[in-house]
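Visitor: I would like the atomic coordinates for the input below:
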Amino acid sequence: MRPVRFATVLMASAALALPLALGACATTDGAHASASAQAVAFEAQRVSDHIRTLADDSFEGRGIGQDEVGEQRTVAYITEQFRAAGLAPGGENGGWTQTVTLNRFEASDVQAALNVGDWSLPMTQGEQVAISTRRPAQGGAVNLADAELVFVGYGTTAPERQWDDFKDMDVAGKVLVVLINDADFEQPELNTFGGRAMTYYGRWTYKYEEAARRGAAGVLIVHETAPASYGWATVRNSWGGPQFDIQHEDPEAVRIPVEAWIQRDVAVELFQRAGQDFEVLKVAARSRDFQPVVLENAGFDVSFNVSSSAIRTDNVIGVLRGTTRPDETILYGGHWDHLGMGEPDASGQREVFNGAVDNASGIAAIIEIARRFGAGPRPERSVVFMGFTAEESGLLGAEFYASNPLYPLETMVAGINIDSANVYGRTTDIAVTGHGQSQLDDYVGQAAAGLNRTVTPDPRPEAGGYFRSDHFPFVKRGVPMIYAGGGTTFRDEPVQPRIDARAEYGRTRYHQAGDEWSPDFDYAGMIEDMEIWYAVGARLANSRDWPAWNAGSEFGPVRAESASARQ
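Guide: Residues are numbered from 1 along each chain as shown. Purely as a prediction, here's the structure:
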């Protein structure tokens, strides 16, 4: 099913591109900002052209690695667009890029089975199980024979919440079976992890990290669509291919040999064979009193070859230097990469994962916002524009940059992350992921009011979106960041087809080959979001404001450590 055509609204979106009334978010140079907005309007056709180009098959799904044709074409395109927008090179050594060195891991010849007594269930990669690794393997292979299986609930250790799923059990060398999300997901009234909203403890990244700290041999995350917030197809496509990681001094200390997911029905049968009830143990795992459960007579066999190599990939960076305070920066960022190309089928054809919405749309927005800033007048603070690599591999391009910043994070005023823009039409509101964390909520709200829109907190906090995009490596280092866009209520008729198209994307296109550019996209809502993103950045770039974290935010203390750098 293709997205419903909204021809009349699309025509209206091309004409929309109105300058945002900045009265509610006046800057020290508000008149100049307004004049710039009038000089360079956001145009639906330009946005569409960027998305269509970046999501073309010739870009090969924008896979990462210096030998990838898709990356070469993508970096060249973004660089040229930044140059045309009037930016200066903002990368290393006077260039447009920052080299990101990653380790690439690929598992092949995967053989896996679950055993309980005389019963055995062979599992096929991509079907019942998705197995990967991000750890160099001795001898180039991983082999576990009848590894002991332990159910550890949500696999969480959170001392500040008086929570420990492991108790005193030594799980070194064992394979852990864990649930996705937090213990509150199924029963938010418990409020032990803040209710329905996912914390970082609910993310798959945390579960693998905690297992590594405890010396486990592997983790089997039980996939369930609702708590994961995506279907099995997303797991298969995301974890079935090569995996990447930044380079670690001691990878054995931070990574486990086997990172895997299993289908829910597989887990149910495994538990039943081992004399346990999966649903009963799920309920038990919601309590602080939960005790880990050894699955009696159960074992996990897995073997696969591991090829690993170091690759180079690139963040693309342009900058507009500030006139009076160039060392203070505003960031616009989003990831350019997607999933690349799938394995050949029987006929030798390969699916291309073009990622039109995720995230050619975000890069298109960043390019056009850069074009508006570049038209002048030049802001007082510097504005940095970044296309991050390797987001789909675990936010690695942003993580690398945040670990090796070219512009000090202490004097980064704030940032705006743009990932998967709204291509379904205007909304009466704008959704803010991580709402309540910082004073940036007020900036977004004031800019939105200029378009007769309101702010809505993240409508799906249980999906953990605050930890799943490129703002997060900056957030955890104390930089206030905005991650906002779209909304919950469509403004223009017909409404239901818009709702259906957005839902259909999440159900059948997200991280799948169907994420393609479409002539049916309606950019009117995306352009209104771009007006807000621009207005917030322009206000910050022409002021002395230093937005702060709200009281109680876990990210405030680290920002406070560098307060003396900000005057």
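
Visitor: Lys80 and Gln128: what is the separation?
Guide: You called it Lys, but residue 80 is Glu. 45 Å (Cβ to Cβ, to the nearest Å). To be clear about C-beta, it is placed using only N, CA and C from the backbone, and glycine gets the same treatment.

Visitor: centroid-nearest residue for this protein?
Guide: Nearest to the geometric centre of the chain sits Ser469, at 2.6 Å (Cα atoms, centre = their mean).

Visitor: okay, the nearest residue in space to that residue that is not next to it in sequence: pLDDT?
Guide: Spatially, and ignoring its direct neighbours in sequence, Ser469 is nearest to Asp419 (4.6 Å; Cβ to Cβ, 6 or more residues apart in numbering). pLDDT for Asp419: 97.

Visitor: what about stretch 533-552, how long is it end to end?
Guide: 26 Å (Cα to Cα, to the nearest Å).

Visitor: now it: buried residues?
Guide: Across stretch 533-552, burial judged by 16 or more other Cβ atoms under 10 Å covers 533-543, 545-547, 549.

Visitor: list the contacts of Ala402.
Guide: Contact partners of Ala402, counting by Cβ atoms under 8 Å, 6 or more residues apart in numbering, are Leu409, Pro473, Phe474, Arg477.

Visitor: need the next SSE after the host helix or strand of it, C-terminal direction.
Guide: Using DSSP states H and E, Ala402 sits in helix 396-403. On the C-terminal side of helix 396-403, the closest following helix or strand by DSSP H and E is strand 412-417.

Visitor: of all the residues in the strand or helix carrying Asp441, which ones are buried?
Guide: Per DSSP H and E, Asp441 falls inside helix 440-449. Neighbour counts over helix 440-449 (16+ other Cβ under 10 Å) mark Leu440, Asp441, Tyr443, Val444, Gly445, Gln446, Ala447, Ala448, Ala449 as buried.

Visitor: same deal with stretch 202-222?
Guide: By 16+ other Cβ under 10 Å, the buried positions in stretch 202-222 come out as 202-212, 214, 216-222.

Visitor: same question for stretch 449-459.
Guide: Those would be Ala449, Gly450, Leu451, Arg453, Val455, Thr456, Asp458, for stretch 449-459 by 16+ other Cβ under 10 Å.

Visitor: Ser120: which of these is nearest?
Guide: Looking at those and their distance to Ser120, the nearest is Asp458, at 43.3 Å (Cβ to Cβ).

Visitor: pretty sure the closest one contacts Tyr466?
Guide: Yes - at 7.3 Å, Asp458 counts as touching Tyr466 under the criterion of Cβ atoms under 8 Å.

Visitor: need the residues touching each of the two.
Guide: Residues touching both Asp458 and Tyr466 (Cβ under 8 Å, 6+ apart) are Thr433, Gly434.

Visitor: between the helix holding Ala402 and strand 412-417, how big is the angle?
Guide: Per axes from the mean of the first three to the mean of the last three Cα atoms, to 10 degrees, the angle that helix 396-403 makes with strand 412-417 is 180 degrees.

Visitor: how about the residue nearest to Leu406 when sequence neighbours are not counted, what does it touch?
Guide: Once flanking residues are discounted, Leu406 sits nearest to Gln98: 6.3 Å by Cβ to Cβ, 6+ apart. When contacts are counted by Cβ under 8 Å, 6+ apart, Gln98 touches Gly91, Glu92, Asp314, Asn315, Ile317, Phe400, Tyr401, Asn404, Leu406.

Visitor: that older thread, more neighbours: Glu80 and Gln128, which one.
Guide: For Glu80 versus Gln128, neighbours defined as other Cβ atoms under 10 Å are more numerous around Gln128 (19 against 12).

Visitor: dump the residue contacts of that one.
Guide: By Cβ under 8 Å, 6+ apart, the contact set of Gln128 is Leu121, Ile262, Gln263, Val266.

Visitor: so which of those wins on neighbours?
Guide: Ile262 (22 neighbours).

Visitor: I'd assumed His223 was in contact with that residue.
Guide: Yes - using Cβ under 8 Å, Ile262 is in contact with His223, at 6.7 Å.

Visitor: so in that sheet, which strands flank the next helix or strand after the helix holding Asp441, and in what orientation?
Guide: Downstream of helix 440-449, the next assigned helix or strand under DSSP H and E is strand 454-457. Here strand 454-457 is paired, per DSSP bridges, with strand 429-432 (parallel).

Visitor: got a list of contacts for the strand it pairs with?
Guide: 441, 444, 448, 453-459, 482-489, 529, 532.

Visitor: check stretch 318-329 too.
Guide: 79, 82-83, 85-90, 96, 370, 373-374, 378-385, 407-408, 411-413, 541.

Visitor: which of those fall in helices?
Guide: Counting by DSSP state H, those place Thr79, Phe82, Arg83, Ala370, Phe373, Gly374, Ala541 in helices.

Visitor: in the one helix or strand Gly333 maps to, what's buried?
Guide: Using DSSP H and E, Gly333 sits in strand 325-335. Going by neighbour count (16+ other Cβ under 10 Å), the buried part of strand 325-335 is Arg325, Pro326, Glu328, Thr329, Ile330, Leu331, Tyr332, Gly333, Gly334, His335.

Visitor: so what are the sheet partners of the helix or strand following it and their directions?
Guide: Once the chain leaves strand 325-335, the next helix or strand it forms, by DSSP H and E, is strand 340-341. Sheet pairing for strand 340-341, assigned by DSSP bridges, gives strand 352-353 (antiparallel).

Visitor: right, and Gly140 touches Ser303 too?
Guide: No - using Cβ under 8 Å, Gly140 is not in contact with Ser303, being 11.8 Å away.

Visitor: those two - which one has more neighbours?
Guide: Each of Gly140 and Ser303 has its neighbours counted (other Cβ under 10 Å); Ser303 has more, 14 against 10.

Visitor: which residues does the more buried one bridge with?
Guide: Gln111, Asn143.

Visitor: gap between it and Ala147?
Guide: 11 Å.

Visitor: circling back to that earlier point, and the contacts of Gln128, which two are furthest apart?
Guide: In those, two members sit farther apart than any others by Cβ to Cβ. They are Leu121 and Gln263, at 10.9 Å.

Visitor: my guess is Leu331 contacts Gly415, does it?
Guide: Yes - here Leu331 lies in contact with Gly415, judged by Cβ under 8 Å, at a distance of 3.4 Å.

Visitor: which residues do these two both contact?
Guide: Counting by Cβ under 8 Å, 6+ apart, the shared contacts of Leu331 and Gly415 are Phe474, Val479, Met481.

Visitor: check the secondary structure at the second one for me.
Guide: Remark: Val479 carries the secondary structure label coil [criterion: DSSP: H, G, I helix; E, B strand; the rest coil].

Visitor: which strand residues bridge the closest residue to it other than its chain neighbours?
Guide: Excluding the flanking residues, the one nearest Val479 by Cβ to Cβ, 6+ apart is Met412, at 5.0 Å. Beta-bridge partners for Met412, by DSSP bridges, are Thr329.

Visitor: which ones are touching Met412?
Guide: By Cβ under 8 Å, 6+ apart, the neighbours of Met412 are Glu328, Thr329, Ile330, Leu331, Pro405, Phe474, Val479.

Visitor: just the pLDDT for it.
Guide: Looking at Met412, its pLDDT is 98.

Visitor: just among the contacts of Ala402, which is most surrounded?
Guide: Result: Phe474 is most packed of those (other Cβ under 10 Å), 24 neighbours.

Visitor: so, low pLDDT: which residues of the chain?
Guide: Scanning the chain for pLDDT under 70 picks out 1-39, 66.

Visitor: let's see 80
Guide: For the chain, applying pLDDT under 80 flags the ranges 1-39, 66-67, 343-346, 348, 552, 554, 567.

Visitor: perfect, I'm done here.
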